[in-house]
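S.K.: What follows is a protein structure lacking sequence information:
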């Protein structure tokens with residue numbers, strides 16, 4: 001590759017979805033000048049382009065928007081700031097020294113040296129191959145996201161009689177969408193004893209349309225060779241194995257899978273970034289900086305979110321942090337981050353983001369987000385600094401499908417200048 005194909009930018013954002021757009025906008029507002037956004041699709045906005053339902057923007061813009069409307073607000077913001085975006089540009093490689101290699105029709109194979117990189121590649125759906133469902137491989141089996149794109153963008157109805165496996169938010173939303181388009185959704189089966197989606201989606205997408213939700217159930221057989229002709233579900237026991245004699249058959253032509261999302265972290269791994277075994281996304285500090293200095297992460301590539309408003313808020317923090325990293329590098333060299341204090345947790349919490357905090361670098365109130373591993377009732381969230389409770393928040397109900405958060409303020413940190421430990425606990429109310 002010749003030097004003619006070598007470019008230099010202060011910040012390269014990989015991904016032009018909601019996280020990438022918000023990060024680029026915030027980085028520019030924080031003083032970064034040469035910013036490049038790489039998006040592999042032919043349009044910006046990511047998954048929002050196929051999410052034509054409303055409910056977006058209530059936190060960010062204080063109004064209810066559809067997915068494309070929400071994305072357009074940020075696309076307009078990038079245009080007004082004259083931030084360079086390259087669509088149809090697929091990032092192929094990322095190195096520890098923040099060199100990005102991408103390919104596009106306009107520029108060919110190109111390398112970019114970046115002062116900082118923001119990872120915003122989003123996530124992908126878990127496929128049937130990961131589920132080990134017995135049966136043939138007929139037509140009519142789709143991930144819920146693929147079905148959503150077929151209906152909302154391509155104007156095609158995947159099927160007429162539908163069974164949905166998995167009660168994540170996209171599966172619930174597609175149950176309603178397929179019904180509105182004239183299909184019959186026979187049931188939604190969920191392996192776990194609770195739904196993985198937001199409560200409001202269960203009510204608005206299933207209950208309002210009389211669609212049954214079968215908890216602790218899974219698909220045990222798929223019939224049909226050329227096209228799906230039937231699906232059999234069965235109840236599962238505590239070991240998540242099918243219980244003989246509980247089988248229930250449905251004549252159908254379509255099976256939609258909404259069985260989890262996996263962060264797109266192939267580039268992250270290549271750069272040597274440490275990944276969390278729980279989230280499958282990068283381990284990050286209070287600035288959303290990964291284990292590799294100058295590489296930041298935000299959005300669903302970091303951990304799967306339930307609200308896009310939280311994605312934008314988190315990504316904006318990453319954008320500001322990337323701009324601050326550049327300033328520090330220019331003024332005194334990048335910090336070593338030796339003052340990082342791990343964020344510990346207990347009481348059923350699965351993970352936190354960030355995973356560690358350096359109090360000396362917290363220049364604004366810090367939101368710590370986390371998820372619990374099982375449904376809980378009548379609990380309280382407690383934040384401890386050096387073993388002292390500085391925040392207590394009661395919760396009537398907590399569920400894995402809804403992200404929780406606590407706010408660690410600058411005032412709280414100032415009151416603990418010798419900070420040695422940060423812990424979040426879920427306790428009995």
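M.R.: Now that the structure is in, tell me what you want to look at. Computed from a prediction, not measured in an experiment: that's the story for all the values here.
S.K.: helices or strands next to the lengthiest helix in the chain in the packing?
M.R.: Across the chain, the longest stretch assigned as helix under DSSP state H is helix 308-331. Helix 308-331 sits against strand 6-14, helix 18-29, helix 67-80, strand 108-119, strand 295-297, strand 366-372, with contacts defined as 3 or more CB pairs under 8 Å, 6 or more residues apart in numbering; DSSP states H and E. The C-beta positions use only the backbone N, C-alpha and C, and glycine is treated the same way.
S.K.: Figure out which of the ones you listed is closest to residue 252.
M.R.: helix 67-80 (27.8 Å; CB to CB).
S.K.: Now do that closest one against helix 18-29, angle only.
M.R.: 30 degrees (axes from the mean of the first three to the mean of the last three CA atoms, to 10 degrees).
S.K.: List of residues touching helix 67-80?
M.R.: 17-18, 21-22, 24-25, 37, 44-53, 56-57, 60-61, 65, 85, 308, 312 (CB atoms under 8 Å, 6 or more residues apart in numbering).
S.K.: shouldn't residue 49 be in contact with residue 42?
M.R.: No - between residue 49 and residue 42 there is no contact under CB atoms under 8 Å: 10.3 Å.
S.K.: Who has more neighbours out of these two?
M.R.: residue 49 (18 against 7; other CB atoms under 10 Å).
S.K.: Unless I misread the structure, the more buried one falls within a helix.
M.R.: Yes - assessed with DSSP: H, G, I helix; E, B strand; the rest coil, residue 49 lies in a helix.
S.K.: any idea how far it is from residue 149?
M.R.: Computed as CB to CB, to the nearest Å, the residue 49 to residue 149 distance reads 9 Å.
S.K.: quick one: low-confidence ranges for the protein?
M.R.: The model of the chain has pLDDT under 70 over residues 1-5, 130, 332-338.
S.K.: need the helices for the protein, in chain order.
M.R.: 18-29, 67-80, 144-152, 169-180, 199-201, 266-270, 308-331, 410-414.
S.K.: Now do the domain split for the chain, please.
M.R.: Domains of the chain are assigned by automatic domain parsing as 1-125+260-335, 127-259, 339-429.
S.K.: Can you tell me which of these is most buried?
M.R.: Of the domains of the chain, the one with the most neighbours on average (mean count of other CB atoms under 10 Å) is domain 1-125+260-335, at a mean of 20.
S.K.: Report the contact partners of residue 230.
M.R.: Contact analysis of residue 230 by CB under 8 Å, 6+ apart lists 222, 223, 224, 249, 250, 251, 252.
S.K.: I misspoke; the intended subject was residue 99.
M.R.: 93, 111, 112, 113, 114.
S.K.: In contact with the last one, which residues?
M.R.: Translated: residue 114. Residue 114 touches 8, 9, 10, 11, 12, 36, 98, 99, 100, 294, counting by CB under 8 Å, 6+ apart.
S.K.: Residue 181 against residue 151, yeah?
M.R.: Yes - contact criterion CB under 8 Å: residue 181 and residue 151 qualify, at 6.2 Å.
S.K.: Can you pull the residues that touch both of these two?
M.R.: Joint contacts of residue 181 and residue 151 (CB under 8 Å, 6+ apart) are residue 157.
S.K.: picking that back up, quick one: which of the helices and strands packed on helix 308-331 is nearest residue 163?
M.R.: That would be helix 67-80 among the helices and strands packed on helix 308-331, by CB to CB, at 25.4 Å.
S.K.: Centre of the chain to that closest one, how far?
M.R.: 19 Å (CA atoms, centre = their mean, to the nearest Å).
S.K.: Could you measure from the closest residue to residue 87 other than its chain neighbours over to residue 15?
M.R.: What sits nearest to residue 87 in space, not counting adjacent residues and going by CB to CB, 6 or more residues apart in numbering, is residue 39, at 5.0 Å. The gap separating residue 39 from residue 15 is 7 Å, by CB to CB.
S.K.: follow-up on the earlier one: nearest to residue 213, out of the helices of the chain?
M.R.: Of all the helices of the chain, helix 169-180 comes closest under CB to CB, at 8.8 Å.
S.K.: Show the contacting residues for residue 187.
M.R.: So residue 187 contacts 163, 164, 211, 212, 213, 214, 233, 250 (CB under 8 Å, 6+ apart).
S.K.: what do you get if the cut-off is 7 Å, keeping everything else the same?
M.R.: Residue 187 sits next to 163, 211, 212, 214, 250 when contact means CB atoms under 7 Å, 6 or more residues apart in numbering.
S.K.: now residue 119
M.R.: 14, 268, 295, 296, 297, 301.
S.K.: Is the third one bridged to anything, and to what?
M.R.: When bridges are assigned using DSSP bridges, the partners listed for residue 295 are residue 117.
S.K.: Thought residue 273 was touching it, still the case?
M.R.: Yes - between residue 295 and residue 273 there is a contact at 6.2 Å, judged by CB atoms under 7 Å.
S.K.: ok, back up a step: chain center to the longest helix of the chain: distance?
M.R.: How far helix 308-331 lies from its chain's middle: 18 Å, per CA atoms, centre = their mean.
S.K.: Which residues does that helix contact?
M.R.: 10-11, 18-19, 22-27, 30-32, 48, 56-60, 70, 115-116, 118, 120, 287-289, 294, 296-300, 305, 334-335, 403.
S.K.: Would you convert the helices of the chain into JSON lines that also reports distance to residue 348?
M.R.: JSON lines is the format used below for the helices of the chain (distance: least, CB to CB, whole Å):
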{"stretch": "helix 18-29", "distance to residue 348": "27"}
{"stretch": "helix 67-80", "distance to residue 348": "32"}
{"stretch": "helix 144-152", "distance to residue 348": "28"}
{"stretch": "helix 169-180", "distance to residue 348": "21"}
{"stretch": "helix 199-201", "distance to residue 348": "18"}
{"stretch": "helix 266-270", "distance to residue 348": "28"}
{"stretch": "helix 308-331", "distance to residue 348": "21"}
{"stretch": "helix 410-414", "distance to residue 348": "24"}
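S.K.: Please name whichever of the ones you listed is nearest to residue 245.
M.R.: Taking CB to CB, helix 169-180 is the member of these nearest to residue 245, at 26.6 Å.
S.K.: Taking helix 144-152 as reference, get the angle to the closest one.
M.R.: 30 degrees.
S.K.: For helix 169-180, name the packing helices and strands.
M.R.: If you count contacts as 3 or more CB pairs under 7 Å, 6 or more residues apart in numbering; DSSP states H and E, helix 169-180 packs onto helix 144-152, strand 161-165, strand 184-190, helix 199-201.
S.K.: Could you rerun that using 10 Å?
M.R.: Under the contact definition 3 or more CB pairs under 10 Å, 6 or more residues apart in numbering; DSSP states H and E, helix 169-180 sits against strand 141-143, helix 144-152, strand 161-165, strand 184-190, helix 199-201, strand 254-257.
S.K.: Lovely, talk soon.
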